[in-house]
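**Student:** I need the structure of the sequence given here:
(chains A and B)
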Amino acid sequence: MTSILPARRKHVLPRRLFAAVMTGFLVVIALIVLVPLVAIFVGTFQDGNDIIRNGVTTDIDLSSLSFDNYVMLFTDSGMYFRWFINTFVLTVVQVAGTLLVSSFVAYGFAMYNFRGKNAGFVAVLLLMTVPFEMMMLPMYVLVNDMGLADTYIVIVLPFLAAAVTIFFFRQYFLGIPHELLEAGRVDGVTEFGIFFKLVLPVARPAVAAMAILNGMIIWNNFLWPLLVLRSAEKFTLPIGLNTLLTPHANNYELLIIGAFFSLVPVLVLFLLFQRFFVAGMTAGALKG
Amino acid sequence: MKKILYSQRLAPYFFIAPFVITLAVFWMLPLGRSVLMSLQEVLYGNATFIGFDNYERLWRDRVFWKALFNSVRYMVFTLVLLIPIPMILAAIVNSKIGNSRVKGLFKASLFVPALTSVVVAGIIFRLMYAESESGLMNQVFGFFSLDPVRWLREDIPGLVALLALAMWRYSGVNMMYFLAGMQSIPTEYYEAASIDGANKFQTFFRITVPNLKPTIVYVTTISVYGGLAMFLESFMLYAGNNSPNNQGLTVVGYLYRQGVQENDLGFASAVGVVLLVVIMAINITNLTLSGTFKKDDAR
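**Tutor:** From the prediction side, this is the model:
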């Protein structure tokens, strides 16, 4: 029988090898995943006709790369920056509204007992699992009938009480001690004052996670604006970019560089606030 | 007035009012309308009640069955690919082996695709699946001495392109779900297993997987309805809703075509109602099984 020590030594090397293989494996996958992003970045330096003809390729004539697309974007890109600003303003307004309304609703569900509460909360859960794609047609008809097509108000309004956001805030509020509320009541703060002055400031991490998540979703929102918006000057970035994606378009330069620049704000925010993105995205999976 | 502001009995109704109003105006009202419309023929704004004719037409409609087949097929493949693979990746990231900085970068790189919009992702993937020999995917094929493929014109290559897009966008998110689930498994279980001399595979299948059940149920639920409701990915890859032979047409794509492009609202509503019934049945079963409907834990 061998002693324990040599046996352990024998174990060390395969373990290191295993670790190296695993690390290599992860690096290779990560690189493959990043290929499309590198491709679009390289595409911003390419000629549009080249892109249409050859697609994304490694077979690039390096001398053909230029900053022409960048110059074009900032000098002669038609409505691009208009769309960019539209999207930006719409995102900020909608995020602020959604956070306010959804946290308000979540607070009602988390902190009070009242008749119809369980039925109401089941409605939140069901709404969370109804894909919007299913509702788009009747909502579209409704909006047309109300004469609200081609307005921003109708892009924002139906989604202010967002089910996932309500759910996330409720989970967070459930963890806030009731003593805080009681202290407020003793001090003569109204029920709404308690929410705005005491609870919401405490819930800052939840607000941050939901701001990031909703911001990303709204910035990228496509289907509902596609149905509602008609006039080009009101388009958001994804809708505008989509209009450039025609089979025989002559402005693939703008399509590529425009798509790339629509990614930039989200990527920058992600690099700064990674943890809030992950918290927001995985919110639904961690039910309490 | 003062009484209302201080009333703990009335306050909750004010708090949840925005939800109730939204639910009624923007969801229940259109939903009811949709059910009604599915029983009508809607032409130039004039609705005639025609009973279940739309549903009967749907039953005999081969394009609808094709779309349903496409959606179900896509959903099944996303389940097969997007649950086990992210779970294994999460297990590797969660293990003690390897450099934590590399793992951090790995997590971040896999998460980044989830930040891209369907529009941007669709544009990139369209270009990667270009038909010419120089298209990136065909270059990869060429490297292995395979002939170039007309990716988006044939059925199976088109499905592969769609699945690749799905894998690219959602692997990282699903991995994060599993990672979050794994980190909530008590470490004592793993210590006990290692004392009992369990190897990595035994530990994974006997401890990690069973304890991940709630996460697996959740990811399965969202993948099932996400798969059945898929539309935008194919809308972008095929630059519109018209794929050759309807190979990329999904149920929602058909609903969009009939309702928005063809303006046949009655028939499109019938498509929507059928899909809604299917998805709600799946959701309610799943939420019941996972115990989400159990008595509330609020105070």
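
**Student:** Quick check: what element follows the host helix or strand of B:Trp59 along the chain?
**Tutor:** B:Trp59 is part of helix B:53-60, with elements assigned from DSSP states H and E. Moving toward the C-terminus from helix B:53-60, the next helix or strand (DSSP H and E) is helix B:62-82.

**Student:** what's the offset of that following helix from the middle of its chain?
**Tutor:** Relative to the centre of its chain, helix B:62-82 is centred 12 Å away, using C-alpha atoms, centre = their mean, to the nearest Å.

**Student:** And the residue of the stretch 101-250 of chain B closest to chain A?
**Tutor:** B:Ala130 (2.3 Å; C-beta to the nearest C-beta). C-beta here means a position set from N, CA and C on the backbone, and glycine is covered the same way.

**Student:** Assign that residue to helix, strand or coil.
**Tutor:** Three-state call for B:Ala130 (DSSP: H, G, I helix; E, B strand; the rest coil): coil.

**Student:** what about the helix holding B:Trp59 and chain A, touching?
**Tutor:** No - using C-beta under 8 Å from any C-beta of the partner chain, helix B:53-60 never reaches chain A; the gap is at least 13.1 Å.

**Student:** cool, stretch B:220-235 as well?
**Tutor:** Yes - interface with chain A: stretch B:220-235 contributes B:Thr221, B:Ile222, B:Tyr225, B:Gly226, B:Ala229, B:Phe231, B:Leu232 (C-beta under 8 Å from any C-beta).

**Student:** end to end, how far does that stretch reach?
**Tutor:** 24 Å (C-alpha to C-alpha, to the nearest Å).

**Student:** Find the centremost residue of the chain, please.
**Tutor:** Going with chain A. Nearest residue to the geometric centre of chain A (C-alpha atoms, centre = their mean): A:Met216, 2.4 Å.

**Student:** meant chain B, my bad for not saying
**Tutor:** Most central in chain B (C-alpha atoms, centre = their mean) works out to B:Gly226, at 1.7 Å.

**Student:** Return the least confident helix or strand in chain B by mean pLDDT as PDB; C-alpha atoms alone will do.
**Tutor:** Counting by mean pLDDT, DSSP states H and E, the weakest-scoring helix or strand in chain B turns out to be helix B:2-6, with a mean of 75. Taking C-alpha atoms only, helix B:2-6 is exported to PDB below (Å, rounded to 0.1, in the frame of the first residue of the first chain):
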ATOM      1  CA  LYS B   2     -57.000  63.800   5.300                       C
ATOM      2  CA  LYS B   3     -58.700  60.500   6.300                       C
ATOM      3  CA  ILE B   4     -58.100  59.000   2.900                       C
ATOM      4  CA  LEU B   5     -54.400  59.900   2.900                       C
ATOM      5  CA  TYR B   6     -54.000  58.100   6.300                       C
END
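
**Student:** which other residues reach that helix?
**Tutor:** For helix B:2-6, the surrounding residues in contact (C-beta atoms under 8 Å, 6 or more residues apart in numbering or on different chains) are A:Thr190, A:Glu191, A:Phe192, B:Leu10.

**Student:** got the buried residues for it?
**Tutor:** B:Tyr6 (16 or more other C-beta atoms under 10 Å in any protein chain shown).

**Student:** Per-residue confidence, B:Lys294, what does it come out as?
**Tutor:** What the model reports as pLDDT for B:Lys294 is 56.

**Student:** Residue of chain A nearest chain B, please.
**Tutor:** For chain A, C-beta to the nearest C-beta, closest residue to chain B: A:Gly55, 2.3 Å.

**Student:** And that residue, its phi and psi?
**Tutor:** Per-residue torsions, A:Gly55: phi 70, psi -160 (degrees, to the nearest 10).

**Student:** What ranges in the chain fall below the confidence cut-off?
**Tutor:** Since you didn't name a chain, this refers to chain A. Low-confidence segments of chain A (pLDDT under 70): A:1-13, A:247-250, A:284-288.

**Student:** not what I meant, chain B
**Tutor:** In chain B (pLDDT under 70), the answer is B:1-2, B:290-299.

**Student:** would you list every one of the strands in it?
**Tutor:** B:40-43, B:46-49 (DSSP state E).

**Student:** Tell me which of those strands sits nearest to A:Ile257.
**Tutor:** strand B:40-43 (42.5 Å; C-beta to C-beta).

**Student:** Can you list the strands that that closest one pairs with?
**Tutor:** Under the criterion DSSP bridges, strand B:40-43 sits next to strand B:46-49 (antiparallel) in its sheet.

**Student:** Check the secondary structure at A:Leu181 for me.
**Tutor:** Quick answer, by three-state DSSP: A:Leu181 is helix.

**Student:** I meant to write A:Asp150 there.
**Tutor:** A:Asp150 - assigned by three-state DSSP - is coil.

**Student:** Now it. Its backbone dihedrals?
**Tutor:** A:Asp150 adopts backbone torsions of phi 60, psi 30, taken as degrees, to the nearest 10.

**Student:** on that earlier part again, the residue of chain A closest to chain B and B:Arg150: what is the separation?
**Tutor:** Using C-beta to C-beta, to the nearest Å, A:Gly55 is found at 12 Å from B:Arg150.

**Student:** tell me, what's touching these two both at once?
**Tutor:** B:Glu131.

**Student:** okay, the two: which has more neighbours?
**Tutor:** With neighbours defined as other C-beta atoms under 10 Å in any protein chain shown, A:Gly55 and B:Arg150 compare such that A:Gly55 has more, 23 against 14.

**Student:** which residues touch the more buried one?
**Tutor:** A:Gly55 neighbours (C-beta under 8 Å, 6+ apart): B:Arg126, B:Leu127, B:Met128, B:Tyr129, B:Ala130, B:Glu131, B:Ser132, B:Ser134, B:Gly135, B:Leu136.

**Student:** what's the answer for B:Gln261, then?
**Tutor:** Taking C-beta under 8 Å, 6+ apart, we find B:Gln261 in contact with B:Asn241.
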